[in-house]
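**Student:** Predicted model and sequence below, questions to follow.
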Amino acid sequence: MLKRGYDGTYHKMSEKHLGRYVTEFAGRHNVRDLDTIEQMKSVAKGMVGKRLLYKELVS
């Protein structure tokens, strides 16, 4: 999935943020057996209390 994402979506992954890409695809892999509604509930639940500011992303 990570290789497909690289070729199909992102085209370039910086070494600086590689951990974020891996975490994203690991999360997708872990919920692949759930139906769509359950996947979205899992994503929404994981977002609670988290915030990524642009300044933190690029620094």
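**Tutor:** In hand now; what should we look at?
**Student:** low-confidence ranges in this protein?
**Tutor:** Applying pLDDT under 70 to the chain flags the ranges 6-7.
**Student:** one more time with 80, if that's ok
**Tutor:** Across the chain, residues meeting the criterion (pLDDT under 80) sit at 1-13, 59.
**Student:** can you map out the helices along it?
**Tutor:** Along the chain, counting by DSSP state H, helices occupy 2-5, 18-30, 36-47, 54-58.
**Student:** Distance to H11 added to those helices, as TSV?
**Tutor:** No exception for glycine: its C-beta is placed from N, CA and C like everyone else's. Output for these, formatted as TSV (distance: least, CB to CB, whole Å):
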stretch	distance to H11
helix 2-5	10
helix 18-30	12
helix 36-47	23
helix 54-58	18
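**Student:** Is it possible to get CSV of those helices that adds mean neighbour count?
**Tutor:** Listed next are the helices of the chain as CSV, based on neighbours: other CB atoms under 10 Å:
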stretch, mean neighbour count
helix 2-5, 12
helix 18-30, 12
helix 36-47, 11
helix 54-58, 8
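**Student:** separation between the residue minimising distance to the centre of the chain and G8?
**Tutor:** The centroid of the chain falls nearest to E24 when counting by CA atoms, centre = their mean (2.3 Å). Using CB to CB, to the nearest Å, we find E24 at a distance of 14 Å from G8.
**Student:** likewise E56?
**Tutor:** From E56 to G8 the distance is 27 Å (CB to CB).
**Student:** right, and V31 touches M40 too?
**Tutor:** No. Counting by CB atoms under 8 Å, V31 does not reach M40; the two are 9.5 Å apart.
**Student:** which residues touch L2?
**Tutor:** Y21, V22, F25 (CB atoms under 8 Å, 6 or more residues apart in numbering).
**Student:** Please report how far the last one lies from L18.
**Tutor:** Taking CB to CB as the measure, F25 and L18 are separated by 11 Å.
**Student:** which residues do the two both contact?
**Tutor:** With contacts defined as CB under 8 Å, 6+ apart, no residue is shared by F25 and L18.
**Student:** which one is Q39 nearest to, not counting chain neighbours?
**Tutor:** Leaving out its chain neighbours, the residue that sits closest to Q39 by CB to CB, 6 or more residues apart in numbering is V31, at 4.8 Å.
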